[in-house]
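Participant: structure for the following, please:
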Amino acid sequence: MTLQFINLKEKLVLLSLTALLAAGCNNGNKKDNDEIPPVDSTQSTILNVNGEIFSIPSPIQTAFLIKSTGAKYDKTILNPANKSASYSTGFSKGVNLGIYGADLGYVTIYDQNQDAIGYLNSAKKLADELGVAGAFDAKTIERFQKNLGKQDSMLVLVGDAYRSSDTYLKNNDRNDVSGLVLAGGWIESLYFATNVYKTKNTEDVKRRIAEQKSSLQSLIKLLKQYYSQPEYTEFVDNLEDLSTVYDGIEFKYTYQKPSIDPSNKMTVINSKSEIKITPEQIESITQKIKNIRTQVVG
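Facilitator: Presented below is the predicted three-dimensional model:
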């Protein structure tokens, strides 16, 4: 995973699920008439962990990748929206707010508008209980309802809500909760990928699973700051256990001289990157991320 650099003002991070729906970072000044620019599904979350900059692929990237394989919409892989009432601690609310954000992105990409409303309401409930003022206010809900069926607009609006949540948490010195939201979205997106790989074992999905090696290391560094808190201890321990499987995955980069196409004024990159991951490693990752997710969703 390549590191990405941005200016100092913008890199004060824990963008939680802002990059889940990446247009939440890019939409600029929107008008009240809902003229909303398209979502950029290629963006990643940029993290600043103790001065180090990391790039974590947003769950929206994984959702787009899953749909591109031809996989059918599968509601059974989502965390049921009606379970939001069962989360009673700040830890469970934070991580499941992230999980619901990834679920909301998934149902939106598959144009499941009725399900999207259910997940929006669940996210709103958890955000309200976490005291995230204004993240899913009446105006946001109204705009979301007006844009049902407009995939890009819906993704942007949810991105706005999560950015508002993240800003509020950071400004009120609640980076631990913001980190949980990010972790929840990451867990859910990897859970999606491992489930889809069982039936759509494409090279792209396999690469997406393997690429999480770097992202997982970033999350562990982030959450270890709160390791002394009981709920975090087991959670981080489980992530570190998953990391031991990723330690065996190899990334090989082979440099080849670029070629020049003078007629089109283009430089063609010929270098190649290769990922070595075994079926056994994928199966182990699949089981471990399933267990972690089961623990946090209840």
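
Participant: going forward, measure contacts between C-alpha atoms and count neighbours the same way
Facilitator: OK.

Participant: ends of stretch 80-98, how far apart?
Facilitator: Taking Cα to Cα, to the nearest Å as the measure, stretch 80-98 stretches 14 Å from start to finish.

Participant: list the buried residues of it.
Facilitator: 80-81, 84, 87, 90-98 (16 or more other Cα atoms under 10 Å).

Participant: and the two most separated of the residues you listed?
Facilitator: 80 and 90 (19.1 Å; Cα to Cα).

Participant: for residue 198, give me phi and psi.
Facilitator: Main-chain torsions, residue 198, degrees, to the nearest 10: phi -60, psi -30.

Participant: residues near residue 249, how many?
Facilitator: Counted by other Cα atoms under 10 Å, the residues lying close to residue 249 total 16.

Participant: in this structure it contacts residue 275, no?
Facilitator: Yes - using Cα atoms under 8 Å, residue 249 is in contact with residue 275, at 7.3 Å.

Participant: okay, and residue 128 sits in which element?
Facilitator: Using DSSP states H and E, residue 128 sits in helix 113-129.

Participant: against which helices or strands is that helix packed?
Facilitator: If you count contacts as 3 or more Cα pairs under 8 Å, 6 or more residues apart in numbering; DSSP states H and E, helix 113-129 packs onto helix 90-109.

Participant: assign the residue nearest to residue 110 when sequence neighbours are not counted to helix, strand or coil.
Facilitator: Counting by Cα to Cα, 6 or more residues apart in numbering, residue 110 lies nearest to residue 73, which is 6.5 Å off, once chain neighbours are set aside. When classified by DSSP: H, G, I helix; E, B strand; the rest coil, residue 73 comes out as coil.

Participant: state the distance from residue 73 to residue 245.
Facilitator: From residue 73 over to residue 245 (counting by Cα to Cα), the distance is 29 Å.

Participant: what does residue 69 give?
Facilitator: 25 Å.

Participant: what's the spacing between residue 116 and residue 104?
Facilitator: Distance from residue 116 to residue 104, by Cα to Cα: 6 Å.

Participant: same check on residue 235?
Facilitator: Residue 235 is 23 Å from residue 104, where distance means Cα to Cα.

Participant: need the pLDDT of residue 294.
Facilitator: We have a pLDDT of 97 for residue 294.

Participant: where does it fall, secondary structure wise?
Facilitator: Residue 294 is part of helix 279-297, with elements assigned from DSSP H and E.

Participant: and the angle for that helix with helix 90-109?
Facilitator: Orientation check (axes from the mean of the first three to the mean of the last three Cα atoms, to 10 degrees): helix 279-297 against helix 90-109 gives 120 degrees.

Participant: return the set of buried residues in helix 279-297.
Facilitator: 281, 282, 285, 286, 288, 289, 290, 292, 293, 296, 297.

Participant: okay, now the unreliable bits of this structure?
Facilitator: Residues of the chain that meet the criterion pLDDT under 70 lie in 1-58, 133-141, 144-145, 147-149, 151, 153-175, 253-256, 264-272.

Participant: quick one, strands of it?
Facilitator: 44-49, 52-57, 250-254, 259-261, 266-268, 272-276 (DSSP state E).
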